[in-house]
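Undergrad: sequence and computational prediction follow.
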Amino acid sequence: MTPPAYHARVNHRKTRTGCRVCKSVLFGPTRQPVLTANRIRRVKCDETKPACCRCTSTSRKCEGYPYFLPPRSQGSSSASPAPNPDSGDDTLYSLSLHRLLVAIPGDDIERRSFSYLRERAIYVISGYFESEFWDRLVLQIGHAEPPVRHAVLALSSLCETYESESPNQELIKDRNKVDTQFALQQYSKAVRLLTEYIAGSETRLEVILTSCLVFVWLELMRNDFDAGIKHLHGGLKILDDFLHPKTPGTNSQHIDTSLINLFRRLDLQDTVHGSPVSDFSSLRHETVSATVPSFTSIEQARNSLYTLLDSVFRFVRQNVQHPNRTTTTYPPLTPTPNLTAIQATCNFHLSQFLAWHTAIQNSPASTFTSLSFRQTAAMALLHLYHKFISLLLSTLLTPTQMIYDQYDTTFSSVLTHAEFLITTSQINSPRIVFDMGVMAPLFYLILKCRNLEIRRKAISLLKMTPQREGMWYRPDVVKYVEWKIGIEEGRGELGEEEALPEDARIWNEWIRQEDIGGRQRTVVSFQRRREGRVIYEEEITDLSVGMGYML
């Protein structure tokens with residue numbers, strides 16, 4: 001029997017995230033239109049924050065944005081009476097009161113959680129780019145397939161846990177504090193149902209792979225990085241077998257392109273993050289080719305840049321010393337690298353990034369003009385990564401850490417892009433984003449830039465990033481960079497405006513866990529130059545081993 005196909009409804013979905021003036025109709029629990037008190041216009045909101053341009057450009061007062069963030073009491077399944085739509089109260093937009101748009105099986109709490117995912121979480125977690133997977137596919141499959149539905153209900157609950165934290169309060173890392181009982185129940189149910197589904201006679205790879213992706217994010221949000229990476233590698237193995245079957249022509253199933261693309265981007269994140277449990281070869285990748293002469297869309301520019309990013313970081317992870325948790329020596333015992341060949345490869349990748357930037361400049365003016373605010377932010381993110389990776393490649397084989405003092409102008413440019421994305425992005429202070437954002441470039445900048453003024457500004461921006469941004473957990477990253485600066489910045493009588501001496505700079509840090517006195521402790525080994533010689537030192541810390549590796 002041919003599996004049923006999922007079809008997207010195109011151009012029929014009203015925006016759920018516009019301002020109150022532009023958004024004219026809400027839908028209540030009876031699925032009847034509920035008119036807002038300010039039913040002024042029937043136009044698509046451009047969603048500029050804090051006031052949308054469609055309002056301000058016509059001398060109207062923009063009345064702000066509903067954010068669908070009501071507190072949910074555990075165990076309560078009854079909905080409160082709908083408020084007076086003329087009251088102007090924010091509770092008009094509360095998910096606990098109405099807008100349960102999709103009639104999914106389950107009780108009121110489950111339906112409410114599904115609506116929270118659809119109305120608020122998906123818009124935020126997709127980051128600067130629109131996501132066909134989160135905005136369409138996961139909702140369709142989740143509505144039809146119980147394993148995926150219960151997985152996304154767990155995900156929605158944890159998203160709301162992140163969102164409900166005070167903006168001035170760090171999320172407590174104790175797993176018992178992060179988890180909610182509802183999320184754990186739904187997660188357990190999803191795992192059980194998926195096991196039964198796989199054992200059945202008719203299975204769809206889309207259901208299995210979608211469940212796997214949601215499981216990855218559930219574990220990352222629960223701060224169990226190793227479990228999340230294991231789910232990712234399991235899904236990548238299934239996808240790789242599908243894309244490269246041993247017997248050509250044996251795959252009769254269809255896998256949505258958005259699902260494949262999201263796995264590839266998550267695989268890229270894993271490689272960039274540099275977790276000690278990553279093998280950087282989970283999914284077979286095509287050989288990188290030169291970028292096209294010009295682009296016809298932001299998405300095309302993004303795909304081209306991400307292909308280059310993947311190629312660069314696989315090259316870096318395979319050729320630069322990168323120990324794992326089982327290594328007992330520092331530095332790790334690796335064959336002597338062929339520096340001439342590595343430098344030639346660096347130059348090739350630099351030429352590819354230059355070609356990408358040239359393609360941006362050669363693109364038709366219509367491609368990157370009249371962009372929405374979100375698209376403008378997306379372009380700023382692409383330029384941020386272009387500068388970040390170009391700097392990384394230019395300094396990869398440097399024999400001295402003093403070389404980075406020559407790149408203060410580039411570091412300042414990275415800060416400018418990051419500051420724009422953090423302070424003026426339309427994504428209004430999200431607590432969690434699943435895509436890569438500004439955290440990785442800022443992390444690299446703080447590690448390598450020894451200009452104290454730039455470093456301090458970068459740390460202040462880093463502390464404004466989402467609580468979790470892709471695989472990076474902000475408290476871990478902040479703690480790490482503060483540790484490194486504390487090691488390096490013992491200036492004594494040296495003025496803050498003066499260059500940090502080379503013997504104060506450390507590099508090639510390696511984090512590992514060891515049993516010390518019957519307790520698991522994190523040991524950081526690193527290199528330092530003293531009297532012209534490279535020496536090796538280490539320090540016992542309370543840093544996280546899952547916080548990433550940025551050279």
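TA: Structure's in. What do you need?
Undergrad: wasn't residue 306 part of a helix?
TA: Yes - the assignment for residue 306 (DSSP: H, G, I helix; E, B strand; the rest coil) places it in a helix.
Undergrad: show the pLDDT at it.
TA: On pLDDT, residue 306 comes in at 92.
Undergrad: how far away is it from residue 264?
TA: Per Cβ to Cβ, to the nearest Å, residue 306 is found 8 Å from residue 264. Using the backbone N, CA and C atoms, a C-beta is placed for each residue, glycine as well.
Undergrad: do the same with residue 201
TA: Distance of residue 201 to residue 264, given as Cβ to Cβ: 30 Å.
Undergrad: so which of the two has more stuff around it?
TA: A count of neighbours by other Cβ atoms under 10 Å puts residue 264 above the other of residue 201 and residue 264, at 18 against 4.
Undergrad: any weak-confidence spans in the stretch 201-350 of the chain?
TA: Scanning the stretch 201-350 of the chain for pLDDT under 70 picks out 249-250, 275-291, 321-336.
Undergrad: again, only using 50
TA: 280, 322-328 (pLDDT under 50).
Undergrad: need the strands for it, in chain order.
TA: Ranges of strands in the stretch 201-350 of the chain, per DSSP state E, counting those that start in this stretch: none exist.
Undergrad: now the helices for it?
TA: 205-221, 225-243, 257-273, 298-319, 339-362 (DSSP state H, counting those that start in this stretch).
Undergrad: point out the most buried one among these.
TA: helix 205-221 (a mean of 23; mean count of other Cβ atoms under 10 Å).
Undergrad: so which elements touch that helix?
TA: Packed against helix 205-221 by the contact rule (3 or more Cβ pairs under 8 Å, 6 or more residues apart in numbering; DSSP states H and E) you find helix 138-144, helix 146-164, helix 181-199, helix 225-243, helix 257-273.
Undergrad: please state the offset of that helix from the chain centre?
TA: 15 Å (Cα atoms, centre = their mean, to the nearest Å).
Undergrad: for stretch 461-470, same thing?
TA: Centre-to-centre, stretch 461-470 and its host chain are 10 Å apart (Cα atoms, centre = their mean).
Undergrad: hmm, back to that, so for residue 403, which of the helices and strands packed on helix 205-221 sits nearest?
TA: Set against residue 403 and scored by Cβ to Cβ, those come closest in helix 257-273, at 22.2 Å.
Undergrad: got the contact list for that closest one?
TA: Contacts with helix 257-273, where a contact means Cβ atoms under 8 Å, 6 or more residues apart in numbering, come from 131-133, 136-137, 206, 209-210, 213, 216, 229, 232, 235-236, 239, 243, 278, 280, 282-283, 303, 306, 309-310, 313-314, 317, 435-436, 440, 470-472, 548-549.
Undergrad: re the thing from before, among the helices of the stretch 201-350 of the chain, which comes closest to residue 375?
TA: With Cβ to Cβ as the criterion, residue 375 lies closest to helix 298-319 of these, at 5.7 Å.
Undergrad: columns distance to residue 414 on top of the helices of the stretch 201-350 of the chain, output as a markdown table?
TA: Shown next, in a markdown table, are those (distance: least, Cβ to Cβ, whole Å):
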| stretch | distance to residue 414 |
| --- | --- |
| helix 205-221 | 25 |
| helix 225-243 | 26 |
| helix 257-273 | 15 |
| helix 298-319 | 15 |
| helix 339-362 | 14 |
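Undergrad: and those helices: which comes nearest residue 421?
TA: Of the helices of the stretch 201-350 of the chain, nearest to residue 421 by Cβ to Cβ is helix 298-319, at 14.6 Å.
Undergrad: burial of residue 395, as a residue count?
TA: 18.
Undergrad: same deal with residue 504?
TA: Counted with other Cβ under 10 Å, residue 504 comes out at 18.
Undergrad: so what's it closest to, chain neighbours aside?
TA: Nearest residue to residue 504, sequence neighbours excluded (Cβ to Cβ, 6 or more residues apart in numbering): residue 488, at 5.3 Å.
Undergrad: surely residue 274 touches residue 318?
TA: No - the pair residue 274 / residue 318 is not scored as a contact, 11.8 Å apart, by Cβ atoms under 8 Å.
Undergrad: what about residue 539, which helix or strand?
TA: strand 533-541 (DSSP states H and E).
Undergrad: let me redo that: residue 525
TA: strand 519-530.
Undergrad: re earlier: give the rounded mean pLDDT of the strand holding residue 539.
TA: Strand 533-541 shows an average pLDDT of 92 in the prediction.
Undergrad: same check on stretch 421-435?
TA: For stretch 421-435, mean pLDDT rounds to 74.
Undergrad: repeat that for stretch 391-398.
TA: Mean per-residue pLDDT for stretch 391-398: 93.
Undergrad: which of the residues in that stretch are buried?
TA: Judged by neighbour count using 16 or more other Cβ atoms under 10 Å, the buried positions of stretch 391-398 are 391, 392, 393, 394, 395, 396.
Undergrad: that's a helix at the third one, yeah?
TA: Yes - residue assignment for residue 393, taken from three-state DSSP, places it within a helix.
Undergrad: please name the residues that touch it.
TA: If you count contacts by Cβ under 8 Å, 6+ apart, residue 393 has them with 312, 346, 349, 350, 353.
Undergrad: relative to residue 299, how far out is the fourth one?
TA: Summarising the geometry, the distance separating residue 350 from residue 299, computed by Cβ to Cβ, is 24 Å.
Undergrad: go on, the third one?
TA: Using Cβ to Cβ, we find residue 349 at a distance of 22 Å from residue 299.
Undergrad: over to the second one?
TA: As judged by Cβ to Cβ, residue 346 and residue 299 stand 28 Å apart.
Undergrad: can you check the last one too?
TA: Remark: distance between residue 353 and residue 299 (Cβ to Cβ) = 19 Å.
Undergrad: next, residue 475: secondary structure please.
TA: helix.
Undergrad: residues near it, how many?
TA: By the measure other Cβ under 10 Å, the count of residues near residue 475 is 17.
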